[in-house]
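In: I'll drop the sequence and a predicted model, then ask my questions.
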Amino acid sequence: MNKGSKLPRAQHAKSLDSRKYSLWNFWVCSLAFKILLIPGYFSTDFEVHRNWLALTNKLPLKQWYVEHTSQWTLDYPPFFAYFEWLLSQFVPAKVRENGCLDLVEIGQFGMPTVVFQRITVIISEILLFVVLQIYINKSAANEKSASFVVASSIVLSPGFIIIDHIHFQYNGFLFAMLIGAIVAAKHKRYLVCAACFTTALCFKHIFLYLAPSFFAFLLRAYVLDFGNFKFKSYNDLIWLVRWPNLFKLGSVVMVIFAVCLAPFYSVMPNLLTRLFPFSRGLTHAYWAPNFWALYSFVDKVLTFVFLKVPYVHNFLSRFISPPLIPATIEQIKEKLEVYNVGTRGLVQDVYFVILPQVQPKLTFLLTLFYQVLAVIPVLFHPSFKRFVGSLTLCGFASFLFGWHVHEKAIMLVIIPFSFLVTSDRRLISPFRLLAAAGYVSLFPLLYESQNFLIKLLYSVVWAIIYFFALKQTTKVSSSVRRRVFFLDRLALFYIVMLIPMVIGVELLNALQWKYKLLQKFEFAGLVIYSIYCSIGILCSWMGLSWLYNFDEPLWQ
């Protein structure tokens, strides 16, 4: 065989390899499923985005963050407002007549508007498939199988199906930009990394929680030069900085922010108030499964115990004085009547009856503290694995300890962790806990009974396929250490018990309106979801934190 005949064979092998690791079939199959979901349930977020289409289309740019005809005012950064304006330019005449672009207090629309907005989500999500395909194609030959599993687990994520294609949001293409930044960091394309993350931040400000990790990584890997640095005096510190790199990095970030914010300079106070509404209270109407959910639950348990068994209050009041504990039972009853105690489904400040009140400053300090702990190791060793670990822990800190956290913010933790889990088998257990509890915690978003089988069966099938696939493609730890099999089994037991928990809550909700006794516990199902899922997410955070801080060989 001559040398020339080898080229077609090599090209053929490369073509087969690209087909093997292509996301095209996943896009086609998921597209069919998403089309079937179009006429189904959608949340108030659908009306939120319809209103944003209308106001960006009908009003001049400087009124976007001032207008308040509808209660669903624009509270995303300007790039997303530009995105809504762009979408509004493609609204067909029939959809306009249906009320899609009516700037009114309460929107009135029909199926044409529903179909149009659903299609915009599906089309925008193509960016997610493209970015993840680039991630697969650029992976080393021995990593392609694991990269393919990670990429397909993300594009088929129950989170995106539930939040975007049923509940209704645009997280698919927003997280595509975050993933683009992560992929660029892996391949040391630092300016592309900065551009992608800054753009993502200008689309959705929740990504701000991940900014400390990106800042530390880019500073250490691209700006600071410790390799050739020799410290003799403080004047030598000037040579520690790669000044051309700092200038290029700063220019990229500042130009993107300028394009985003400059047109809104005159209404900047309104914009900032919309983006950071601290008046909404510590917890959402439905407690996100984080530390504050457990804190709220403990407060409710203590309130119940003090009212039903006054002796417990009398005994504790001998050792604990006000304001750490109410002085009398009558004060507890008075607080229950006057204040919102977090079980009425209201989006407003929550008052704790027994435990100390939580201020925004405390949540900020707790979040910052745990994020600093995650960022410091990156400054010493800016490897890609260490960076993604830091990114995941920054997401964890913001979700667990942040102010007014939405349950949907769990995606800010799951997506970065997905790029880390295949690097070492010891990471599988905390990832499983996070993914299982995190995705199940989204179930209350779809409260209508016809969505029960969709969300449960889809999530169970996803978990069975990808929990097994991740284990098959994950590297076995090179360090010889005894695996804690008991903890792995305990985590598996917790995950399996999520299924009866979900079914039990669904039965409780179904029977609630038939029995007066159950009607008194209207929010019991939400509390069960929050408490059970928060335990799994907290355990995942502690497991990853232990490995991140005390298992140095894992991050080399």
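Out: Nice, I can see it.
In: hey, let's count contacts and neighbours off CA atoms from now on
Out: Fine.
In: mind listing what residue 407 touches?
Out: By CA atoms under 8 Å, 6 or more residues apart in numbering, residue 407 lies in contact with 286-289, 441-442.
In: The same query, at a cut-off of 7 Å, please.
Out: Shown in contact with residue 407 (CA atoms under 7 Å, 6 or more residues apart in numbering): 288-289, 441-442.
In: same deal with residue 426?
Out: With CA under 7 Å, 6+ apart, residue 426 has no contacts at all.
In: Over to it. Which of the three states is it?
Out: Classification of residue 426 using DSSP: H, G, I helix; E, B strand; the rest coil returns helix.
In: and what of residue 70?
Out: Assigned by three-state DSSP, the conformation of residue 70 is coil.
In: Need phi/psi at it.
Out: phi -100, psi 150 (degrees, to the nearest 10).
In: Tell me the confidence at it?
Out: Looking at residue 70, its pLDDT is 90.
In: Could you report the neighbour count for it?
Out: 17 (other CA atoms under 10 Å).
In: just residue 309 next, same as before
Out: Residue 309: 11 neighbours (other CA under 10 Å).
In: can you map out the helices along the stretch 151-300 of the chain?
Out: 158-160, 171-186, 190-203, 211-218, 243-261, 268-275, 291-308 (DSSP state H, counting those that start in this stretch).
In: again, but for the stretch 401-550 of the chain
Out: 411-418, 428-440, 452-473, 485-496, 498-511, 516-519, 524-550.
In: Can you tell me which helices and strands the third one packs against?
Out: Going back to what we said before, that points to helix 452-473. Packing partners of helix 452-473 (3 or more CA pairs under 7 Å, 6 or more residues apart in numbering; DSSP states H and E): helix 144-155.
In: neighbouring contacts of the helix it packs on?
Out: 21, 23, 129, 132, 136, 139, 418-419, 422, 466, 469-470, 473-474.
In: What is the most widely separated pair among the residues you listed?
Out: Farthest-apart pair in the contacts of helix 144-155 is 129 and 474; separation 22.3 Å (CA to CA).
In: Give me the more crowded residue out of those two.
Out: residue 129 (23 against 20).
In: quick revisit: can you tell me which of the helices of the stretch 401-550 of the chain is nearest to residue 106?
Out: helix 524-550 (27.3 Å).
In: What are the buried residues along the closest one?
Out: Within helix 524-550, the residues scored as buried using 16 or more other CA atoms under 10 Å are 524-541, 543-545, 547-548.
In: correct me, but residue 201 touches residue 211?
Out: No - between residue 201 and residue 211 there is no contact under CA atoms under 7 Å: 8.7 Å.
In: Could you list the low-pLDDT ranges of the chain?
Out: Low-confidence segments of the chain, defined by pLDDT under 70: 1-19, 227-237, 279-280, 284-286, 323-324, 327, 337-350, 476-486, 518-519.
In: Distance of the residue lying closest to residue 221 once chain neighbours are set aside relative to residue 210?
Out: The shortest distance from residue 221 to any non-neighbouring residue, by CA to CA, 6 or more residues apart in numbering, is to residue 382 (6.0 Å). Per CA to CA, to the nearest Å, residue 382 is found 16 Å from residue 210.
In: the more surrounded of these two?
Out: Ranked by neighbour count (other CA under 10 Å), residue 382 and residue 210 place residue 210 first, with 25 against 22.
In: before we move on, the earlier item: more neighbours: residue 201 and residue 211, which one.
Out: Neighbour tally, residue 201 and residue 211, criterion other CA under 10 Å: the higher count belongs to residue 201, 23 against 18.
In: what's near enough to touch that one?
Out: Counting by CA under 7 Å, 6+ apart, residue 201 makes contact with 207-208.
In: can you list the domain ranges for this structure.
Out: 39-124, 283-357 (automatic domain parsing).
In: Those domains into CSV, with extra columns for distance to residue 165?
Out: Compiled in CSV, these are given as follows (distance: least, CA to CA, whole Å):
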stretch, distance to residue 165
domain 39-124, 7
domain 283-357, 20
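In: Tell me which of the ones you listed sits nearest to residue 252.
Out: domain 39-124 (15.9 Å).
In: For the nearest residue to residue 98 once chain neighbours are set aside, give its distance to residue 50.
Out: The shortest distance from residue 98 to any non-neighbouring residue, by CA to CA, 6+ apart, is to residue 109 (5.5 Å). Distance of residue 109 to residue 50, computed by CA to CA: 10 Å.
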